[in-house]
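Enquirer: Coordinates for the following, if possible.
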Amino acid sequence: MKHVVVGLLALASLSVFHSHARGAEAEEAGKPIEATVNFGYVQTGGNTDVVTMLASDKFEWKRNAWGFSQDGEAVYGKDGDTENAGRYGLGLRANYALAARVSLYGLTGFKRNVYAGIEHQFDEGVGAALHVILAKPQLLDFELGFGLLQRRTTAAVDEDFSTARVAALYKYYFTEKATFEATGDWVVNLEDTEDSDFDARAAVAAPLAGGLSINLGYNAQYRNRPLPGLERLDWTVSSGLQFSF
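Expert: Down below sits the predicted model:
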């Protein structure tokens, strides 16, 4: 069943896009479809034989009060013949704007990170978003929602529980294509509140030419109750090329 669900998510990612719906502002922008793709690659040879690759994407589609999105990420690392990093994620989201500053959302996602003890994980949730700052150069959102989580750990333990979610998004436009963005996403197990996950991201994009930019990013994933022998915090610093249209 998990392969069927992942396949459906991957297929949907080809045509479903996301937006933080913002009513009149979306109409003014005149860009119903936006897409961003990032890619980074490092390889060494000689005395060391290390390969690290990362890729991510985000597609957004806006139509009147509705917005849809797909986002994905993959991080892979190998030292010699031994894999030493592997993190993969895929998410779909829909928004509906009730007013200029309030919208509803529904989301679903898939995650795999065996180095953090997650064989696979599925999330589904609904909630509301408050758009605190709407006028550029700054955007600020706060979100609150509830959902369900299904997870299988690398210790072959199946977990299934309800969740509460608190999130925030901040974005600053130095210019239309030079931006800083930061997000935070906290998910709590409502059946055991000592079990929680926090995901924080920050990225700076600086334009080179056309839709091509340099992207510098930081991602931190904190799990309050990891499997025995694993660290609570995983983090990644990345740099690469970003293409937007």
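
Enquirer: going forward, measure contacts and count neighbours with C-alpha atoms only.
Expert: Fine.

Enquirer: How about the contacts made by the residue nearest to residue 239 when sequence neighbours are not counted?
Expert: Leaving aside its chain neighbours, residue 239 sits nearest to residue 216 (4.5 Å; criterion: CA to CA, 6 or more residues apart in numbering). With contact taken as CA atoms under 8 Å, 6 or more residues apart in numbering, residue 216 is in contact with 203, 204, 205, 237, 238, 239, 240.

Enquirer: and if you look at residue 103?
Expert: By CA under 8 Å, 6+ apart, residue 103 lies in contact with 21, 95, 96, 97, 128, 129, 130.

Enquirer: Any regions of the protein where pLDDT drops low?
Expert: For the chain, applying pLDDT under 70 flags the ranges 1-30.

Enquirer: can you give me the helices in it?
Expert: Using DSSP state H, the helices of the chain run over 2-12, 24-29.

Enquirer: ok, back up a step: mind listing which of the contacts of residue 216 are in strands?
Expert: Counting by DSSP state E, those place 203, 204, 205, 237, 238, 239, 240 in strands.

Enquirer: Among those, which one has the most neighbours?
Expert: Compared across the ones in strands among the contacts of residue 216, residue 205 has the highest neighbour count, 22 neighbours, by other CA atoms under 10 Å.

Enquirer: ok, now how distant is the residue nearest to that one when sequence neighbours are not counted from residue 54?
Expert: Leaving aside its chain neighbours, residue 205 sits nearest to residue 215 (4.5 Å; criterion: CA to CA, 6+ apart). Relative to residue 54, residue 215 is positioned 12 Å away (CA to CA, to the nearest Å).

Enquirer: who touches the closest residue to residue 124 other than its chain neighbours in this structure?
Expert: Distances taken as CA to CA, 6+ apart place residue 108 nearest to residue 124, at 4.3 Å, with adjacent residues excluded. Shown in contact with residue 108 (CA under 8 Å, 6+ apart): 91, 92, 93, 122, 123, 124, 125.

Enquirer: In the sheet, which residues pair with the closest residue to the third one other than its chain neighbours? Tell me.
Expert: Excluding the flanking residues, the one nearest residue 93 by CA to CA, 6+ apart is residue 107, at 4.2 Å. For residue 107, the residues forming beta bridges with it (DSSP bridges) are residue 93, residue 125.
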